[in-house]
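Asker: this is a predicted model, with the sequence first.
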Amino acid sequence: MRISSLSDRNGRRTNQDSSLIKSKVRGKDKLLLCMVADGMGGTDDGTAASLLTQKLMERWFDKNADELLQSRDFENTVKESITEVLQDANEKATLYSREKGFTTGSTAMVVLFFGNKYIAANIGDSRLYKFSRGESRQITRDQTLAQLEVERGNLTPEEAKTDKRSHTLLQCIGMDEDLEPEFFQGTIRKGEYYLICSDGMYNRVDISELEQIVMQKKKDTKKKLMELIIRSKQKGEKDNITGILVEI
């Protein structure tokens with residue numbers, strides 16, 4: 001398994017994206033945590049929520065990794081535990097906003113790899129993609145008004161890409177008292193790639209272009225991430241760009 005992470009401020013005054021990679025090895029077992037949190041640019045301080053989420057997830061992993069490696073009910077334990085962390089982050093960020101008198105908000109895309117499986121938790125519109133020969137797809141579902149309209153049959157997926165509601169989030173960390181992550185899970189196989197990224201990486205680059213770059217031979221994960229960032233900039237992206245690329 002090879003892993004790289006890159007984040008680009010992309011000309012903005014601050015980088016409101018936060019990312020995290022943590023691993024724990026116990027004998028032959030390895031637990032890998034990857035997270036991208038995208039602070040919302042339309043708030044007064046999106047960085048506060050994304051950094052808070054990063055710190056709480058890191059603290060959670062450091063405290064619970066050994067226990068998770070020994071769990072007999074790994075999937076349910078992970079889902080319950082990650083839900084608690086994200087809800088705690090939401091409560092703290094919401095309280096912080098009220099005390100300071102301004103708004104903050106962040107997405108959260110959390111992926112845990114263990115053995116031949118992954119479990120992903122999503123809040124907002126950061127994404128998890130899977131790339132492999134013959135099967136490349138977006139695993140997670142955007143929690144946006146535009147995606148909701150797609151599911152209702154009022155928009156096509158192509159129309160949703162440019163719809164003004166494409167970045168209006170249905171939920172995020174720090175903006176509401178109620179928060180419930182959506183979980184996705186599956187098996188991993190050698191030769192696959194998993195991309196965890198903020199919307200700055202995919203806004204202007206469709207999945208076929210992402211696949212073309214990620215599946216290149218003779219380039220390591222860091223060079224591929226650099227190329228993904230460059231491609232987004234070339235297409236006019238103005239947001240912060242953050243990605244973690246995992247090669248199985």
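Answerer: Received, thanks. Computed from a predicted model, the values in this text were never measured in an experiment.
Asker: ignoring the adjacent residues along the chain, who's closest to residue 37?
Answerer: Nearest residue to residue 37, sequence neighbours excluded (CB to CB, 6 or more residues apart in numbering): residue 50, at 3.9 Å. Quick note: C-beta positions are derived from backbone N, CA and C, even for glycine.
Asker: is that neighbour in a helix, a strand, or coil?
Answerer: Per DSSP: H, G, I helix; E, B strand; the rest coil, the local secondary structure of residue 50 is helix.
Asker: any idea how far it lies from residue 156?
Answerer: Separation of residue 50 from residue 156 (CB to CB, to the nearest Å): 31 Å.
Asker: mind checking which of the two has more residues around it?
Answerer: Neighbours were counted for residue 50 and for residue 156 using other CB atoms under 10 Å; residue 50 has more, 33 against 11.
Asker: show me the residues around residue 60 that make contact.
Answerer: Going by CB atoms under 8 Å, 6 or more residues apart in numbering, residue 60 touches 81-82, 85.
Asker: among these, which one has the most neighbours?
Answerer: Sorting the contacts of residue 60 by how many neighbours each has (other CB under 10 Å) puts residue 82 first, at 24 neighbours.
Asker: from residue 38, how far out is the spatially most central residue of the chain?
Answerer: What sits nearest the mean C-alpha location of the chain, by CA atoms, centre = their mean, is residue 109, with 2.7 Å. As judged by CB to CB, residue 109 and residue 38 stand 8 Å apart.
Asker: over to residue 131?
Answerer: Counting by CB to CB - residue 131 and residue 38 are separated by 21 Å.
Asker: pLDDT (mean, whole number) over stretch 163-175?
Answerer: Averaging pLDDT along stretch 163-175 yields 91.
Asker: which residues does that stretch contact?
Answerer: Contacts of stretch 163-175 (CB under 8 Å, 6+ apart): 37, 40, 43, 48-49, 52-53, 86, 89-90, 93-94, 96-97, 103-108, 123-125, 142-149, 155, 160, 178-180, 199.
Asker: next up, the contacts around the closest residue to residue 115 other than its chain neighbours.
Answerer: Of all residues not flanking residue 115 in the chain, residue 29 sits nearest, at 7.1 Å (CB to CB, 6+ apart). Residues in contact with residue 29 (CB under 8 Å, 6+ apart) are 69, 114-115.
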